[in-house]
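Chemist: pasted the sequence and its predicted model underneath.
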Amino acid sequence: MNFNATLIGQSITFIFFVWFCMKFVWPPIMNALETRKKQIADGLAAADRGRHELELAAKKAGDNLRDAKAQAADVIAQAEKRAAQIVEEAKTAAKQEGERQLAAAQASIDQEANRAREALREQVAALAVAGAEKILRREVDPQTHADLLAQLKAEL
Amino acid sequence: MPPSKTHFEKFDTMASDYASSSEYIKHHLQNLTYGQLPAGYERQDHAGNVEVLQQATWTVAHNAAEAKAMGFWAINLDSMIFSIGLGVLFLFFFNLAAKRASAGVPGGLQNFVEWIVEFIDGAVRGSFSHRNALVAPLALTVFVWIFLLNLMDLIPVDWIPYAASLAGVPYLKIVPSTDPNVTFGLSLSIFFLVLYYSVKMKGPGGFFAELAFQPFPKWLFPVNLLLEGVGLIAKPISLALRLFGNMYAGEMIFILIALMFGGGSIMAAFGGALQWAWAVFHILIITLQAFIFMTLTIVYLDMAHSEHH
């Protein structure tokens, strides 16, 4: 091994290279790496956030859908209930009307019957009187027995 | 190519051009050294002519003896050129990526650079438990630069030296990490950082206490100082020698395999297969060595920051 000034030359060269590397090579590259790392981290965080928001939105949409379905079901149930009620009401009204009409018919029948009975009674009375008159024509004076006849007629 | 004088004159490096294998190996293990030869030095050229230098001369060493004679104040041109070139290449591409870096979708180069940066950042976070803006860029530089230095080992041993020899360059070691000057230059720089942070974080007294007052009781402080001192010095030495040793050994095996190419067609075919296999295995070694160097750098700096338990 033959040592000479190359030793010193190499040391100087080495120190210069290290200085240059430290000044102009290392910092910009590390800087770029750090910045990119940060950007990637930010991007990932944003993606996470986006995914989370998407999940929230999906959940919200599901909730809304469920609410809407529930509401629709409510509306339908109410409508059904209301329809049943209306039908029921209509039935009751029809029944009442029927009963009312029946009662009216009954009343009118009763009235007619009464009237017919009245007429019949008058006719029977008249007939009776007429019969009696014919029988009693000779001995009974209608004028004197008029009140008696009227009384009889009323009793009939 | 048969051995010939003319090729020697052109400093050919093909294995078959050498009179002996050892000469070929030696040639491959010699750095291109530039330094000052002292006055009165006897230079011997390949033809055996001796030239006595009249005065001290700055020149490129033409053999190992000349490189040795140049003493400490010489420089290995090949190590410096390849290591600086690879370092500039590394910083150019990484700086390009850093300038274009944005938090948006990364392109090809940016993606690759970010991949390495994140790998280093993870390693630093795993091993370094304090806050220091220097450590991660230091680890990045250590890892990528050493990896590139080692990567030169995968280029077939003769290609670039042979091309250079045609251009008149006598020696060329293209793998800077097989030059101990390079690995020690790195490890000693890191060692000084370790010393600096040890003193800065613990104070001179705290650092001394760490070296002198443990693991044995205080009155045994000379023993402690010796043990801990050896441990401290061993850090840069082992760091440098591990990298150097691995790369030197790997390069040596490539050279030995390359010798087979001169031994006939069957040997050459066998050598080719071996070279391929060793290169594939070496991909693991060069990456591993760069990683080990980086990890130990981080660990040593972490120890420098930590109060001793």
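Modeler: Now that the structure is in, tell me what you want to look at.
Chemist: and for A:Ala146, the neighbour number?
Modeler: 10 (other C-beta atoms under 10 Å in any protein chain shown). In short, each C-beta sits where N, CA and C put it, glycine included.
Chemist: in which helix or strand does the residue of chain A found nearest chain B reside?
Modeler: Closest to chain B within chain A is A:Gln10: 2.7 Å, counting by C-beta to the nearest C-beta. Following DSSP states H and E, one finds A:Gln10 within helix A:6-20.
Chemist: and the average pLDDT for that helix is what?
Modeler: Averaging pLDDT along helix A:6-20 yields 94.
Chemist: other SSEs contacting that helix?
Modeler: Using 3 or more C-beta pairs under 8 Å, 6 or more residues apart in numbering or on different chains; DSSP states H and E as the contact criterion, the elements in contact with helix A:6-20 are strand B:75-76, helix B:77-100, helix B:135-151, helix B:180-212.
Chemist: how far is the helix or strand containing A:Ala154 from where the chain is centred?
Modeler: Using DSSP H and E, A:Ala154 maps to helix A:142-155. Put simply, helix A:142-155 sits 76 Å off its chain's centre (C-alpha atoms, centre = their mean, to the nearest Å).
Chemist: distance check, the residue of chain A closest to chain B against B:Leu220.
Modeler: 39 Å (C-beta to C-beta, to the nearest Å).
Chemist: compare the two (neighbour count), which wins?
Modeler: A side-by-side neighbour count of A:Gln10 and B:Leu220, using other C-beta under 10 Å, places A:Gln10 first with 26 against 14.
Chemist: isn't that one up against B:Pro180?
Modeler: No - checked against C-beta atoms under 8 Å, the pair A:Gln10 and B:Pro180 is beyond contact range at 10.2 Å.
Chemist: can you tell me the centre-most residue of the chain?
Modeler: Because you didn't say which chain, this covers chain A. A:Val75 (2.3 Å; C-alpha atoms, centre = their mean).
Chemist: actually, chain B is the one I wanted.
Modeler: Note: chain B centre (C-alpha atoms, centre = their mean) maps to B:Ser177, 1.8 Å.
Chemist: tell me the contacts of that residue?
Modeler: Residues counted as contacts of B:Ser177 (C-beta atoms under 8 Å, 6 or more residues apart in numbering or on different chains) are B:146, B:149-150, B:153, B:183, B:243-244, B:247, B:289.
Chemist: secondary structure element for A:Ala68, which one?
Modeler: helix A:26-136.
Chemist: what angle separates that helix from helix B:77-100?
Modeler: 30 degrees (axes from the mean of the first three to the mean of the last three C-alpha atoms, to 10 degrees).
Chemist: ok, and does helix A:26-136 reach over to chain B?
Modeler: Yes - for helix A:26-136, a contact with chain B is found by C-beta under 8 Å from any C-beta of the partner chain, at A:26-33, A:35-36, A:38-39.
Chemist: point me to the residue of the stretch 151-300 of chain B nearest chain A.
Modeler: B:Gly185 (2.7 Å).
Chemist: look up how far chain A lies from the residue lying closest to B:Leu86 once chain neighbours are set aside.
Modeler: In this structure, B:Leu86 finds its nearest non-sequential neighbour in B:Leu148, 4.1 Å apart by C-beta to C-beta, 6 or more residues apart in numbering or on different chains. Distance, B:Leu148 to chain A, by C-beta to the nearest C-beta, to the nearest Å: 11 Å.
Chemist: check contacts around B:Leu148.
Modeler: Applying C-beta under 8 Å, 6+ apart, the residues contacting B:Leu148 are B:86-87, B:89-90.
Chemist: what are the neighbouring residues in contact with the residue of chain A closest to chain B?
Modeler: B:79-80, B:83, B:181-182, B:184-186.
Chemist: give me the below-cutoff pLDDT ranges for chain B.
Modeler: B:1-19, B:308-309 (pLDDT under 70).
Chemist: in it, where's the longest helix?
Modeler: Determined from DSSP state H, the single longest helix within chain B is helix B:264-305.
Chemist: how about the strands in the stretch 1-150 of chain B?
Modeler: B:33-37, B:42-44, B:50-52, B:57-60, B:75-76 (DSSP state E, counting those that start in this stretch).
Chemist: same for the last one, what does it pack against?
Modeler: This points to strand B:75-76. helix A:6-20, strand B:33-37.
Chemist: which of those sits closest to B:Lys202?
Modeler: When the helices and strands packed on strand B:75-76 are compared by C-beta to C-beta, helix A:6-20 sits nearest B:Lys202, at 22.9 Å.
Chemist: got the CA positions of that closest one in PDB?
Modeler: The C-alpha coordinates for helix A:6-20 follow below in PDB (Å, rounded to 0.1, in the frame of the first residue of the first chain):
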ATOM      1  CA  THR A   6      -4.500  11.100  -3.000                       C
ATOM      2  CA  LEU A   7      -5.700  10.500   0.600                       C
ATOM      3  CA  ILE A   8      -6.100  14.300   1.100                       C
ATOM      4  CA  GLY A   9      -7.600  14.800  -2.300                       C
ATOM      5  CA  GLN A  10     -10.200  12.100  -1.700                       C
ATOM      6  CA  SER A  11     -11.100  13.600   1.700                       C
ATOM      7  CA  ILE A  12     -11.600  17.000   0.100                       C
ATOM      8  CA  THR A  13     -13.600  15.600  -2.700                       C
ATOM      9  CA  PHE A  14     -15.700  13.600  -0.300                       C
ATOM     10  CA  ILE A  15     -16.400  16.600   1.900                       C
ATOM     11  CA  PHE A  16     -17.400  18.600  -1.100                       C
ATOM     12  CA  PHE A  17     -19.700  15.900  -2.400                       C
ATOM     13  CA  VAL A  18     -21.400  15.500   1.000                       C
ATOM     14  CA  TRP A  19     -21.800  19.300   1.300                       C
ATOM     15  CA  PHE A  20     -23.300  19.500  -2.200                       C
END
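Chemist: just the angle for that helix relative to strand B:33-37, thanks.
Modeler: Going by the same axes, to 10 degrees, helix A:6-20 makes 130 degrees with strand B:33-37.
Chemist: buried ones in helix A:6-20?
Modeler: Within helix A:6-20, the residues that count as buried by 16 or more other C-beta atoms under 10 Å in any protein chain shown are A:6-7, A:9-11, A:13-15, A:17-18, A:20.
Chemist: how many neighbours does B:Ala97 have?
Modeler: Counted with other C-beta under 10 Å, B:Ala97 comes out at 24.
Chemist: please apply the same query to A:Cys21.
Modeler: 27.
Chemist: need the contact list for it.
Modeler: B:91, B:94, B:137-138, B:140-141.
Chemist: make it 10 Å
Modeler: A:27, B:87, B:90-91, B:94-95, B:98, B:134, B:136-142, B:144-145 (C-beta atoms under 10 Å, 6 or more residues apart in numbering or on different chains).
Chemist: show the buried residues in those.
Modeler: By 16+ other C-beta under 10 Å, the contacts of A:Cys21 give B:87, B:90-91, B:94-95, B:98, B:136-142, B:144-145 as buried.
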